[in-house]
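K.L.:
The amino acid sequence is not available; the structure is as follows:
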């Protein structure tokens, strides 16, 4: 992830969106990532599957990704084409999983003042802001830690570890 | 430093660590559950060839053991092949039970160890004075390759529990009450350290339930200072290799909370969040179609004992089914010896093989649309145990058994007088 700016339509969710909603347990025996992506957010929204376009942004409240360790949840979001997630906070295992996969997670305490389902959000990492391009509303974001940024810049922990080997 | 920090420091080869610092730690135990063949795939994707420390790796067949779909069976087959090829002898087969109970039974959970498992409820082993936390499949792949993993040293809060529990009230009610008060995201990224006069009165089973459920407030790890109860339990497992760390008296907790546990009544978390907590009395009389006794949260011998006590000479209500799922093979054998299984079968319960079973909605006891389940497990998210419109109420094993007996959500205290 060398990108520092993301722009996409917002898909807005509430607080405590758990991994069962992101990726329902009945599909846990699936190992193919494309097939996993087809079940992305299936427990949280009936419309996500048909409305989502790769490059769009998932927006949520607090504790996004709580519940299980299930990396399938982060894989489904990443492979479905979510460019980044903006939320007030994340569950810790989900945070590790997403960063490991190269999926940027943005912490924004004031996202409630910016979010609007279907409108376009611009995320500017270097400026530290998110902006709703329709309403003009803007808010600051927490900087991503250097450690996480190093993994994201490598495209995830897998390319990073392969690079370290070579 | 807190004892949890001392464990991280010791495993990072450092004298000291401080909150917020990122440290690379040598892992004592790396556990992989049957849900995540991704751990093997990621291992090869990062260039892994030979697992660095195969003796530190455990593979658990628990989330769907025995397999109920061909894909599940194939995933387990791939793990068996991987274990054989990599010299991993710690594969826990389909008859062993839920990872956390298995390693507690076998003396793997001991003070001072750094334990990670691809299961969120790995916080359980803080009950033994270990640093234990859940990670993802790709995190485990990194450990398979290098033996190490990075951690951010967490802020740690103190939860002080003073007083004694009323009869019919259990650690499960205490932790539900705490989560109801503090919220499902209160502990995110943080450690939870328990103290106070209640701790010494609790069995290891009850301590495990407390620590297990800190996951449901988002905690990274939990901690209970090992004492005579801990050491007595560990002696029973034959484990000898452990180190007890102690928190420095001047350690600065990020928050302190005090609870008078003598005031706590049986509690229940109603759909669809674990912090939607109220006294059982507030929901009493609500019809229940499924009662579920089991899991790493509430499927231990003590849980079977209290259920058997409530259901001795009784029949569960018509229209209600009760699944009993021992958390491990040892729990099952001990419960048979103690006569609990006999009592529960006579009461009309359904015995399911040791493992996670219906807890995560993959097999063995799913619920239909509009059905209600009262469970000793830990989660009531939408769709967690079957249909998205099924309703899950989380409670103590005693409340589960009392509710099965009457077919409606029931305060267990009168059954235990």
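P.N.:
Okay, I see it. Please read these numbers as outputs of a predicted model, since none were measured by experiment.
K.L.:
Pretty sure residue A:33 sits against residue A:74.
P.N.:
No - taking contact to mean CB atoms under 8 Å, the distance of 10.9 Å between residue A:33 and residue A:74 leaves them out of contact. C-beta coordinates here come from the backbone N, C-alpha and C atoms, glycine included.
K.L.:
If you count surrounding residues, which of those two has more?
P.N.:
Set side by side, residue A:33 and residue A:74 show more neighbours around residue A:74, with 31 against 16, by other CB atoms under 10 Å in any protein chain shown.
K.L.:
Correct me if wrong, but the more buried one is in a helix.
P.N.:
Yes - going by DSSP: H, G, I helix; E, B strand; the rest coil, the assignment for residue A:74 places it inside a helix.
K.L.:
Could you check how far it is from chain B?
P.N.:
When distances are taken as CB to the nearest CB, to the nearest Å, residue A:74 and chain B turn out to be 7 Å apart.
K.L.:
Which residue ranges of chain A form strands?
P.N.:
Across chain A, reading from the start of the chain, the strands by DSSP state E fall at A:5-12, A:57-60, A:84-87, A:105-107, A:120-124, A:129-132, A:138-140.
K.L.:
State the number of residues packed around residue B:67.
P.N.:
With neighbours defined by other CB under 10 Å, the count for residue B:67 comes to 18.
K.L.:
How about the most centrally placed residue in chain A, nearest residue that isn't a chain neighbour?
P.N.:
Central residue check for chain A by CA atoms, centre = their mean: the C-alpha nearest the mean position is that of residue A:85, 3.0 Å away. Beyond its immediate neighbours in the sequence, the residue positioned closest to residue A:85 (CB to CB, 6 or more residues apart in numbering or on different chains) is residue A:58, lying 4.6 Å away.
K.L.:
so what's that neighbour up against?
P.N.:
Contacts of residue A:58 were listed using CB atoms under 8 Å, 6 or more residues apart in numbering or on different chains, and they are A:10-11, A:13, A:41, A:77, A:82, A:85-87.
K.L.:
Go through the residues you listed and say which is closest to residue B:84.
P.N.:
Lowest distance from residue B:84 to those (CB to CB) belongs to residue A:77, with 33.8 Å.
K.L.:
tell me the contacts of the closest one?
P.N.:
A:22, A:40-41, A:58, A:85, A:98, A:103.
K.L.:
Look up how far residue B:169 lies from it.
P.N.:
41 Å (CB to CB, to the nearest Å).
K.L.:
Need the contact partners of the helix or strand of chain A with the lowest mean pLDDT.
P.N.:
Counting by mean pLDDT, DSSP states H and E, chain A has its least confident helix or strand at helix A:157-165, which shows a mean of 89. The contact list for helix A:157-165 (CB under 8 Å, 6+ apart) reads A:99-102, A:150-151, A:154, B:42, B:45-47, B:138, B:142, B:145.
K.L.:
Buried by neighbour count, from the residues you listed: which ones?
P.N.:
Among those, those that count as buried by neighbour count (16 or more other CB atoms under 10 Å in any protein chain shown) are A:99-102, A:151, A:154, B:42, B:45-46, B:138, B:142, B:145.
K.L.:
Enumerate the residues of the stretch 301-417 of chain B near chain A.
P.N.:
The stretch 301-417 of chain B has residues B:360-362, B:379, B:381-384, B:388 near chain A, with proximity defined as CB under 8 Å from any CB of the partner chain.
K.L.:
Okay, and which of those residues map to strands?
P.N.:
Counting by DSSP E, none of the members of those fall within strands.
K.L.:
With pLDDT as extra columns, can I get the contacts of residue A:58 in a markdown table?
P.N.:
A markdown table is the format used below for those (pLDDT from 0 to 100):
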| residue | pLDDT |
| --- | --- |
| A:10 | 98 |
| A:11 | 98 |
| A:13 | 98 |
| A:41 | 98 |
| A:77 | 98 |
| A:82 | 98 |
| A:85 | 98 |
| A:86 | 98 |
| A:87 | 98 |
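K.L.:
closest to chain B among those residues?
P.N.:
Chain B has its nearest neighbour among those in residue A:87, at 10.8 Å by CB to the nearest CB.
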